[in-house]
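> What follows is a predicted structure for the sequence shown.
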Amino acid sequence: MRKIPLVAAVLYAAGALAADPVPSAVPAPAATPFKQPDLTRLQTALSGAKPDSIAPTAIPGLYEVVLGGQVLYLSEDGRFAVQGDIVDLGSRANLTDERRGELRGKAIEAVGENNMVVFAPEGPVKHTVTVFTDIDCGYCRKMHSQIADYNKEGIKIRYLWFPREGVGSEAFDKAVAVSCADNRQEAMTRAKRGEKVESKPCDNPVQAQYELGQKLGVRGTPSMILESGEMLPGYVPPTQLAQMLAEDKDKTPKPVAQP
C-alpha cells in the first residue's frame, strides 16, 4: 500500500520552525490537565520537530497540533494525523479556520510595524490590512497604484515582503533595496512603478518575512491578512475591500486573479 506523506506545507512549517519559529500561540492552560497524545510517530515524520502547542478538541480522543502557522489533528495513540477542517454543525462555525486566523494575527502583530512599509490614511484609521507583496507582481503594482484610494477609504495598508521567486532572486534584491532606503514609502512607490532603487547594505527583514509568509500559507501575491487573521488571496479594489471590511464578512472570499 502506498504511504501518504503529511502535506508539504506542514512539513515546511515544522522544518523552518527550528531556525525561525513563529511566536508561540499556545492556548490558555486548561482548568484541568489533559492526557497528552503520543507524539512519537509525528515527530519521526517531521524529523524531530516539536509542536508549538497541543490541545484537546471538542472531539474526544482528537488533539489539535500547531506547527508554525499550520493546524492538524492527531489521534490520542499518535497513529493517525488528520488534515482538514473541523466544522461545528450547530453554529456552522469553521473551528479550524478560526484557529488559523488567530495564529496568523498573532504572528503578524509580532513582526511590528517598524519592520513593515506602512501607508496610513491622513484621517482616522477604520481598518488595517497587512499585505504580503512582491515588487514585480502585476496585481501588486495595480494595488499599489491605488494606495491613495485605499487610504481615502480609511484603510491602512501594511506591507510585508514575499518575493515569489525566493531568496536571492531579482525581486528579493529589489525588496532589500526598498527596505534599506532612507524613505521606504517613497522607495516602494518608485519600485512598484518599475523604477530602480539604489541598494545599500543594511539589516533587513525580507528573508524573515518571506519565510513567515510560507509558514502562514501564502501561495501568491498580493495576499491580504485582515485584522481577524483571515487571509484574502489576490487583488481586491479599494471600494470593494472597504465594503467587505465594513460588513465584517465571515465567509472566506473566493480566490481572485493573480498574475
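Looks like it came in fine.

> for the protein, which residue is closest to the average position?
When CA atoms, centre = their mean is applied to the chain, the residue found nearest the centroid is Leu216 (3.8 Å).

> So it sits against Gly69, correct?
Yes: Leu216 is in contact with Gly69 according to CB atoms under 8 Å; the separation is 4.0 Å. In this view, the C-beta of every residue, glycine as well, is placed from N, C-alpha and C.

> so what does the strand or helix carrying Gln243 touch, helix or strand wise?
For Gln243, the host element (DSSP states H and E) is helix 238-247. Judged by 3 or more CB pairs under 8 Å, 6 or more residues apart in numbering; DSSP states H and E, helix 238-247 is in contact with strand 127-133, helix 147-152, strand 155-161.

> now those as a markdown table including mean neighbour count, mean pLDDT and distance to Leu42?
Below are the helices and strands packed on helix 238-247 laid out as a markdown table (neighbours: other CB atoms under 10 Å; pLDDT from 0 to 100; distance: least, CB to CB, whole Å):
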| stretch | mean neighbour count | mean pLDDT | distance to Leu42 |
| --- | --- | --- | --- |
| strand 127-133 | 23 | 97 | 28 |
| helix 147-152 | 17 | 98 | 42 |
| strand 155-161 | 23 | 98 | 30 |
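
> can you redo those as a markdown table with distance to Ile54?
A markdown table is the format used below for these (distance: least, CB to CB, whole Å):
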| stretch | distance to Ile54 |
| --- | --- |
| strand 127-133 | 28 |
| helix 147-152 | 39 |
| strand 155-161 | 28 |
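
> Okay, domains of this structure per the record?
Under the assignment automatic domain parsing, the domains of the chain span 8-88, 111-247.

> right, and the secondary structure at the closest residue to Arg193 other than its chain neighbours would be what?
Nearest residue to Arg193 in three dimensions, chain neighbours excluded: Arg141, at 7.7 Å (CB to CB, 6 or more residues apart in numbering). Put simply, Arg141 is helix when judged by DSSP: H, G, I helix; E, B strand; the rest coil.

> measure Arg141 to Ser169 for me?
17 Å (CB to CB, to the nearest Å).

> higher neighbour count, those two?
Arg141 (19 against 15; other CB atoms under 10 Å).

> now that one: how far from Arg190?
12 Å.

> repeat for Phe119
According to CB to CB, Phe119 stands 14 Å off from Arg190.

> for Gly61, same thing?
Gly61 is 56 Å from Arg190, where distance means CB to CB.

> Those two: which has the busier surroundings?
In this view Gly61 and Arg190 are compared by other CB under 10 Å, and Arg190 has more residues nearby, 16 against 13.

> Verify the stated contact: Phe34 with Pro56.
Yes: Phe34 lies in contact with Pro56 (CB under 8 Å); the separation is 4.9 Å.

> the more surrounded of the two?
A direct count of neighbours by other CB under 10 Å for Phe34 and Pro56 places Pro56 higher, at 17 against 10.

> Surely Gln207 is within a helix?
Yes: when classified by three-state DSSP, Gln207 is found to be part of a helix.

> For it, which non-adjacent residue is spatially closest?
Val167 (5.6 Å).

> Please give the element, helix or strand, for Phe43.
No, residue 43 isn't Phe; it's Gln. helix 40-45.

> Pretty sure the residue nearest to Gln207 sits against Ala208.
No: contact criterion CB under 8 Å: Val167 and Ala208 do not qualify, at 10.6 Å.

> which one of these two has more residues nearby?
With neighbours defined as other CB under 10 Å, Val167 and Ala208 compare such that Ala208 has more, 14 against 11.

> Quick check: chain neighbours aside, which residue is closest to Leu95?
Once flanking residues are discounted, Leu95 sits nearest to Ile86: 4.6 Å by CB to CB, 6+ apart.
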